[in-house]
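Asker: Starting from these lines, generate the structure:
(chains A and B)
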Amino acid sequence: NAGVMQNPRHLVRRRGQEARLRCSPMKGHSHVYWYRQLPEEGLKFMVYLQKENIIDESGMPKERFSAEFPKEGPSILRIQQVVRGDSAAYFCASSPGRGIAYNEQFFGPGTRLTVL
Amino acid sequence: GENVEQHPSTLSVQEGDSAVIKCTYSDSASNYFPWYKQELGKRPQLIIDIRSNVGEKKDQRIAVTLNKTAKHFSLHITETQPEDSAVYFCAAPKDSGYALNFGKGTSLLVTP
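Answerer: Numbering: from 1, shown residues only, chains lettered A, B, ... in the order given. Okay, here's the model as predicted:
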C-alpha cells in the first residue's frame, strides 16, 4: 500500500511564476490536507478537502493560493505569482474519513518550494 | 480556533534517560491528540495518538497521557536512544473537526 505521494519533491520558481504542487492520498483515503512549514518552524494548516469539495480553507491566503481535489486525479495546490515569502516546504496529508482511524493523518514527503 | 501550546522548545537528555514533552489545548470538545516525529528534511511521522475516551496509551518506549480536565497531554519517551533525536510535534483538532493545529515543536537531542 503506497503512502501519500507528492510531486515534485523540489520546485524552483522565479518571482511572478506559478507553482503547482500535486498530492495523491493513500489508497482508501478520501480526505486531503495541505500544510506549510517554514524553515525551523511548525506546521501550519492551509486547507482541507474531500473529493470535489473544499471543506475548510481558513488557513490559506485569500489571494494567489487555490486548491482542488477533483473526482479523478491528485489534489493540486496552486500558487500564482509566487513571491519569496512563499518559499517553504508544503506537506500534504491524508486520512481515511471513516472507520476507527477516520482522522489519522499520514503525511507525504513534501514539496520544497524555492522562489528566486 | 484551537490553540496548541507545546513545551519545551528544546530538550537535551543523556541516552537512557526519559524525555517528557507537554502540550495544552483550548477547545474542551477536542477528542483526538496525535504526536508526530520529524527528522531533518523528512516528513512528519505519526508515532502515537490518543483519543479522549482514555487517559493513557503506551507503545513500547513511548507513552502519551491525557488530562481532559486540565486540557493537557504529554509524550513520554523512556530509555531514550540517539535515534530518538528529532523534532516532535503535538496536535489537536482544529475547530473540533478533521484538520489539525500543531504545536510549535520540541527539538529533542539525545546524547550518547
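Asker: Any regions of chain A where pLDDT drops low?
Answerer: Using pLDDT under 70 as the threshold, the predicted model of chain A has low-confidence ranges A:1.
Asker: How about the residues of it by chain B?
Answerer: Residues of chain A lying close to chain B (CB under 8 Å from any CB of the partner chain) are A:31, A:33, A:35, A:41-45, A:48, A:55-56, A:58-59, A:91, A:95, A:97, A:103-110. C-beta here means a position set from N, CA and C on the backbone, and glycine is covered the same way.
Asker: Now stretch B:103-112: buried residues?
Answerer: B:103-106, B:108, B:110 (16 or more other CB atoms under 10 Å in any protein chain shown).
Asker: The residues you listed in strands, which ones?
Answerer: Of the buried residues of stretch B:103-112, the ones assigned to strands by DSSP state E are B:106, B:108, B:110.
Asker: ok, so of those residues, who is nearest B:E79?
Answerer: B:V110 (10.2 Å; CB to CB).
Asker: Tell me the bridge partners for that closest one.
Answerer: Beta-bridge pairing of B:V110, defined through DSSP bridges, involves B:V13.
Asker: Just to check, it is in contact with B:E79?
Answerer: No: using CB atoms under 8 Å as the test, B:V110 is too far from B:E79 to be in contact (10.2 Å).
Asker: What's the mean pLDDT across stretch B:40-57?
Answerer: Rounded to a whole number, the mean pLDDT of stretch B:40-57 is 93.
Asker: Just the CA atoms of it, as CSV, please.
Answerer: As requested, C-alpha coordinates have been extracted for stretch B:40-57 and formatted as CSV (Å, rounded to 0.1, in the frame of the first residue of the first chain):
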residue,chain,number,x,y,z
LEU,B,40,15.6,16.7,9.5
GLY,B,41,14.4,17.0,5.9
LYS,B,42,11.9,14.3,6.3
ARG,B,43,8.1,14.0,6.5
PRO,B,44,6.3,14.2,9.9
GLN,B,45,5.6,10.6,11.1
LEU,B,46,2.7,9.7,13.3
ILE,B,47,4.2,7.9,16.3
ILE,B,48,1.3,7.6,18.7
ASP,B,49,-2.1,9.2,19.3
ILE,B,50,-4.7,9.2,22.0
ARG,B,51,-8.5,9.7,21.9
SER,B,52,-10.4,11.4,24.7
ASN,B,53,-12.0,8.2,26.0
VAL,B,54,-8.8,7.0,27.5
GLY,B,55,-6.3,8.6,29.9
GLU,B,56,-3.1,6.8,28.8
LYS,B,57,-1.7,4.8,25.9
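Asker: in that stretch, what's buried?
Answerer: Using 16+ other CB under 10 Å as the burial criterion, the residues of stretch B:40-57 that qualify are B:43-44, B:47-50.
Asker: Filter those down to just the ones in strands.
Answerer: The strands, defined by DSSP E, take in B:47-50 from these.
Asker: Let me have those in a markdown table, adding distance to chain A as columns.
Answerer: Compiled in a markdown table, these are given as follows (distance: CB to the nearest CB, whole Å):
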| residue | distance to chain A |
| --- | --- |
| B:I47 | 12 |
| B:I48 | 11 |
| B:D49 | 7 |
| B:I50 | 12 |
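Asker: can you put those in a markdown table and add distance to A:R78?
Answerer: What follows is these, written out as a markdown table (distance: CB to CB, whole Å):
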| residue | distance to A:R78 |
| --- | --- |
| B:I47 | 32 |
| B:I48 | 34 |
| B:D49 | 31 |
| B:I50 | 36 |
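Asker: Save the ones in strands among the buried residues of stretch B:103-112 as a markdown table, and put in pLDDT too.
Answerer: Written out in a markdown table, the entries for those read as follows (pLDDT from 0 to 100):
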| residue | pLDDT |
| --- | --- |
| B:T106 | 97 |
| B:L108 | 98 |
| B:V110 | 98 |
